[in-house]
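Output the structure for:
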Amino acid sequence: MERFRLLNNLTGWFCFACAFSVYLLTLQPSVSFWDCGEFIAAAYRLQVGHQPGAPLFILIGKLFSLLAADARSTAFFLNLLSALASALTILFLFWTITALARKLLQKQSFSCSEQLLILGAGVTGALAYTFSDSFWFSAVEAEVYALSSLCTAVVFWAALKWDAVSDQPSANKWLLVIAYLIGLSIGLHLLSLLSIPAIFLLIYFKRSKKISTVGTIAAFGLGCLVLAFVQYGIVQYLVLLSFKSDYFFVNTLHLGFHSGALFFILLLVVAVTIGLLYSHRRKLPGLNLSLLCLSFLLLGYSSYAMIVIRAEAKTAINISNPDNAFSLFSYLGRLQYGETPLLYGPYFDSQPTEVKDKRTLYRKGKAAYEEAGERTSYHYDRNTIFPRIYSEDAAHVNFYRNWLNIPEGEKANFSDNIRFFSTYQMGFMYFRYFLWNFAGKQNDEQGMGDGTDGNWKTGIKAIDELRLGSHDNLPQAAIENEGNNSFFALPLLLGLAGLIYQFRRRKEEALVVTAFFFCTGLAIVLYLNQSPLQVRERDYAYVGSFYAFAIWIGLGVLALNALVTRLKMTKASISLAIASSLSVPLVMGWEGWDDHDRSGNYIAHDMAVNYLQSCAPNAILFCNADNDTYPLWYAQQVEGIRTDVRLVNLQLLFDPDYITALKKELDSAAPLPITMPEEKYQAGKRDVLYYLNYGIPDSVELKDIFEVLTSDNPADQVEMNDGRRANFLPSKNFQLTVDKEKVLASGMIKDRSKIADKMKWAWEKDYVTRADLAAIDILAHNNWKRPIYFSNGLSSDSYLGLHQYLYLEGYTYRLLPIKRKEQDLRDKSELTNTDVFYSNFKSKLKLNSFNKAAYLDPESRRIGRQSWNLLNTLAENLVQEKRTSEAREVVRKAILELPMRNYGIIDTVSKYRAAATSFNTNDTKQAVFLVQDALGFLKDQLNYLSSLDDEEQQQRSRDIRTAISILSEFRKLADGNRQPLIVREIDEFLKQTQLNLQV
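Purely as a prediction, here's the structure:
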């Protein structure tokens, strides 16, 4: 056994080395999209990220950031942290598989061939998980999921270690290790908590003298209760109790903030200590062990002290400002996202009938806690158990009706509820992801429920065509998509074989792994109760269940060996089983490498730089959350790029503490011109102000609107339904008188004759939120002292109705008081401040990162399309201004540095615009090249679409019409520029193709 133990350790570290090498080779070298920029910036400066926080990741990330030789390499080392944690996860997965495999063989000692079989099982399962789609994605970027997966892997491995030595007096130390790791992991993600029911099953099977079905269910149920106790009782309500104590100490005893919370913590420590002493003296080992586990769990959970400490320091990123017990409770409970019904609730078309409950909200005042409004819940006229179609959002309602084929006006019922749960939440939002990882994947586009994007596939034509339609004549774009991964369901089959084999040989261990698989997969589906139209794919949430299935993939090697032995196919059955099984991770790695290779990808980094460099000095930039803000936070706060630009995140602007922070200097950015005192915008005050038509015929000066909205004079308020008085919006027609001298002095416009006397626009909403009020304050009192910009990634209503005064100067729109002719109906996306945009294009914008990246993921491609649109707009306006040589230069640089590959039909629009500009600048050769490039792609797409049957064509009718429309525009362009060969080619193709098109 000593020899096997050595081989087991060495082979485990070999798997670690393989995984780490893979992740290092495919590592993102800089910041990536989504939350990564926020996490890196938060770790670099020890700041407070989004709810519910990840203090342990921030602390460990800070340590890794110290390894960076310069600020620019900080992101690399934070990404490296994920790679290292992921490789260690693979190490513990290997040891977990070999531990379970030894139990399956049911022997005390093993022959050399049996040792090889066990090690082969571990290598196969570990490497299969190494190359699994979802885990690999998180392994190469700075996110919490890699460290969370490591904690979960160690917890499950430690449970097996306890199982192996449970008869020894010191065995329970492993349970203390598990408790501490679970407590620590709360500071990363809640994934490790989901292993608790499986651990309780393991304890039951080991300690119970007689195993029964009732006992198994009871043990699993008890584990679920402990899980609920930790998630709610400890993570949330322990903090709520500390708030109750703090509220009493502060508001009743008039002591300082945190005094009651500290007293509660001290009381808790004393209570646990007394319990430990009591249980020890009374010889109550069960109680003593439980209290010890609680103590270690709380010790791990104490990492959240960092959140309160850093929130008190008012760091630059300080989301929700959890600097007191109540705000920390809201932060941990993600209360700002609202509540999702789980066991009982309304349908999407239910109507509220009366108020069900009101919960008082609090804010931290100057000397005491103050009431800050109420959180109201309602009774509804129609409710159901297990509500799954509950969201009242208009887009969600439309999705429910389309997905379930519920006609407009028809009421949803319980059958619809269950169908949505089974087909969408289970099928589309879990099993689709599961099969991505173990059967294969159609492409890398986000799936929306149709047959064209984001589906699972096997690569076996007969199977795939049953679900996805004909695979004959597939266009090259579909075949060449990097996310087109065919695993031929080999990992799935091997994993199912391992599952069956384990159930037949060791039912108890199989139930433990099944419980782990269920709790980290399907149970999350039940708990999250996701609404449709998620902003991104959510497969990363279920990596724990994919980990469990990888265990079965490893055990599948033993199953395959047993099958080969039983069939007496060869004497070398073990070698055949191992060799055959190892082909599974090899296929997964070969197929998955290209769409997981992020080497050379600086696109998110350069996008952030381009946003900032598109702004004039000391600018104010309004932007959105996620990819509109997080990379910019990284660029400014880590690399120190353009710290003079003050970012205003419109999604955070509703938070009073965020508004207060904007009134203070940050790095080299001056405070924003927000004139409201804090008492005007506190939580519970002016949350939402509604429009009341006062019949004012003319536009109202913005400052006057602002004064009415913030006035405490009862004459400027109206009585609401609940009897309280509130401010209101008296007009939706705004104007801002322009101080031309200040505009000229700022240099934003040099020609006085172009400056408008007044800017007039219409407010587009029937209400004003606190965020809108702060934005109005900035606009009204900036007085043209600082340039104001808007990101071009905002939703339409986020531009505050100012569309006609917004001009592109790069990747951002600048607010300019320029006169517009009445006949000029161009959209803001067609308007440029051409001189400045061209200057930025020449000297500031970084566009060459697309060519450096090994692979362009969908978000990178979106930025590529955005860049094409921006440069095409610049070139078109240069042509209109008779600056043809400059326009030609812009198009040529776009061709050289932006993505030329057509990933979808929409990409050909950029080529059309560039070709039109090239014709207009007499660059015919370049124009013809662009036209031919797009024509080849469109013809390939239409050839495939025309080969589909009538029903499939009807499903793809939008694509068909779009492609034909673009092709027709290319024909007009070619005809107008005397290109008869191209015209003839298009005519002949359309004539031939339309014979087979039914749309």
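
Near Asn481, how many residues? Count them for me, please.
Counted with other CB atoms under 10 Å, residues neighbouring Asn481 total 20. (Each C-beta comes from the backbone N, C-alpha and C, glycine too.)

for Tyr855, that is, sorry about that
Around Tyr855 there are 18 residues (other CB under 10 Å).

And for Asp949?
Counted with other CB under 10 Å, the neighbours of Asp949 add up to 10.

again, but for Asp357
Residues near Asp357, counting by other CB under 10 Å, number 10.

ok, for it, nearest residue in space, not its chain neighbours?
Take Asp357 and drop its neighbours on the chain: the residue closest to it by CB to CB, 6 or more residues apart in numbering is Ser377, 4.6 Å away.

May I ask you to confirm that the one you found belongs to a strand?
Yes - if the criterion is DSSP: H, G, I helix; E, B strand; the rest coil, then Ser377 is within a strand.

ok, now how distant is it from Arg334?
Separation of Ser377 from Arg334 (CB to CB, to the nearest Å): 16 Å.

Can you name every helix or strand that the stretch of helix or strand Phe929 belongs to contacts?
Assessed by DSSP states H and E, Phe929 sits inside helix 924-947. Judged by 3 or more CB pairs under 8 Å, 6 or more residues apart in numbering; DSSP states H and E, helix 924-947 is in contact with helix 476-480, helix 884-897, helix 907-920, helix 957-976, helix 980-993.

So which of the ones you listed has the densest surroundings on average?
helix 907-920 (a mean of 23; mean count of other CB atoms under 10 Å).

thinking again about what came up before, okay, the helices and strands packed on helix 924-947 in TSV with distance to Thr130 next?
Compiled in TSV, the helices and strands packed on helix 924-947 are given as follows (distance: least, CB to CB, whole Å):
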stretch	distance to Thr130
helix 476-480	25
helix 884-897	34
helix 907-920	33
helix 957-976	36
helix 980-993	45
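
closest to Ser796 out of these?
With CB to CB as the criterion, Ser796 lies closest to helix 907-920 of the helices and strands packed on helix 924-947, at 19.8 Å.

follow-up on the earlier one: what pLDDT, on average, does the helix holding Phe929 get?
Average pLDDT, helix 924-947: 94.

got it, and stretch 465-474?
For stretch 465-474, mean pLDDT is 87.

now it: how far from the chain's centre is it?
31 Å (CA atoms, centre = their mean, to the nearest Å).

What of stretch 626-636?
For stretch 626-636, the separation from the chain centroid amounts to 14 Å (computed by CA atoms, centre = their mean).

Repeat that for stretch 871-886.
37 Å.

related to what we said a few turns ago, so which of the helices and strands packed on helix 924-947 gets nearest Leu653?
Minimum separation from Leu653 across the helices and strands packed on helix 924-947 (CB to CB) falls at helix 907-920, 32.9 Å.

Let me know the pLDDT of His379.
Confidence score, pLDDT, at His379: 88.

Just give me the neighbour total for it.
13.

Same check on the one 3 residues further on?
Around Arg382 there are 13 other residues, counting by other CB under 10 Å.

circling back: next helix or strand past the helix holding Phe929?
Counting by DSSP H and E, what follows helix 924-947 is helix 950-955.

Next, the buried residues of that next one.
Glu952, Gln953 (16 or more other CB atoms under 10 Å).

Equivalent analysis for stretch 785-804, please.
The neighbour-count check on stretch 785-804 (16+ other CB under 10 Å) flags 786-794, 798-804 as buried.

Also stretch 333-349?
Buried residues in stretch 333-349, counted by 16+ other CB under 10 Å: Gly333, Leu335, Pro341, Gly345, Pro346, Tyr347, Phe348, Asp349.

Just put those residues in JSON lines and tack on pLDDT, distance to Arg505 and secondary structure.
Output for the buried residues of stretch 333-349, formatted as JSON lines (pLDDT from 0 to 100; distance: CB to CB, whole Å; DSSP: H, G, I helix; E, B strand; the rest coil):
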{"residue": "Gly333", "pLDDT": "87", "distance to Arg505": "44", "secondary structure": "coil"}
{"residue": "Leu335", "pLDDT": "79", "distance to Arg505": "48", "secondary structure": "helix"}
{"residue": "Pro341", "pLDDT": "91", "distance to Arg505": "42", "secondary structure": "coil"}
{"residue": "Gly345", "pLDDT": "92", "distance to Arg505": "43", "secondary structure": "strand"}
{"residue": "Pro346", "pLDDT": "94", "distance to Arg505": "48", "secondary structure": "strand"}
{"residue": "Tyr347", "pLDDT": "93", "distance to Arg505": "46", "secondary structure": "coil"}
{"residue": "Phe348", "pLDDT": "92", "distance to Arg505": "47", "secondary structure": "coil"}
{"residue": "Asp349", "pLDDT": "91", "distance to Arg505": "51", "secondary structure": "coil"}
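
which one of these is nearest Ser829?
Among the buried residues of stretch 333-349, and counting by CB to CB, the member closest to Ser829 is Phe348, at 33.7 Å.

Quick check: longest helix in the chain by residues?
Using DSSP state H, we find that the single longest helix of the chain is helix 74-105.

any idea how far that one is from the chain center?
Per CA atoms, centre = their mean, the centroid offset for helix 74-105 relative to its chain is 24 Å.

tell me the mean pLDDT for that helix?
The pLDDT scores in helix 74-105 average 96.

for stretch 761-776, same thing?
Per-residue pLDDT over stretch 761-776 has a mean of 94.

Can you give the contact residues for it?
With contacts defined as CB atoms under 8 Å, 6 or more residues apart in numbering, stretch 761-776 is touched by 622, 648, 650-651, 653-654, 656, 659, 662, 674, 676, 681, 686-691, 702, 705-706, 709-710, 729, 732-735, 796-797, 800-805.

Extract the CA atoms of that stretch and return them as CSV.
Listed next in CSV are the C-alpha coordinates belonging to stretch 761-776 (Å, rounded to 0.1, in the frame of the first residue of the first chain):
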residue,chain,number,x,y,z
TRP,A,761,-35.7,67.9,-25.3
ALA,A,762,-38.5,65.6,-24.1
TRP,A,763,-38.2,63.5,-21.0
GLU,A,764,-39.0,59.9,-22.1
LYS,A,765,-40.3,58.4,-18.8
ASP,A,766,-43.4,59.0,-16.7
TYR,A,767,-41.2,59.2,-13.5
VAL,A,768,-37.9,60.4,-12.2
THR,A,769,-35.9,58.1,-10.0
ARG,A,770,-33.2,59.1,-7.5
ALA,A,771,-30.6,58.2,-10.2
ASP,A,772,-32.3,60.4,-12.7
LEU,A,773,-32.5,63.2,-10.1
ALA,A,774,-28.7,63.0,-9.5
ALA,A,775,-28.1,63.0,-13.3
ILE,A,776,-30.4,66.1,-13.7
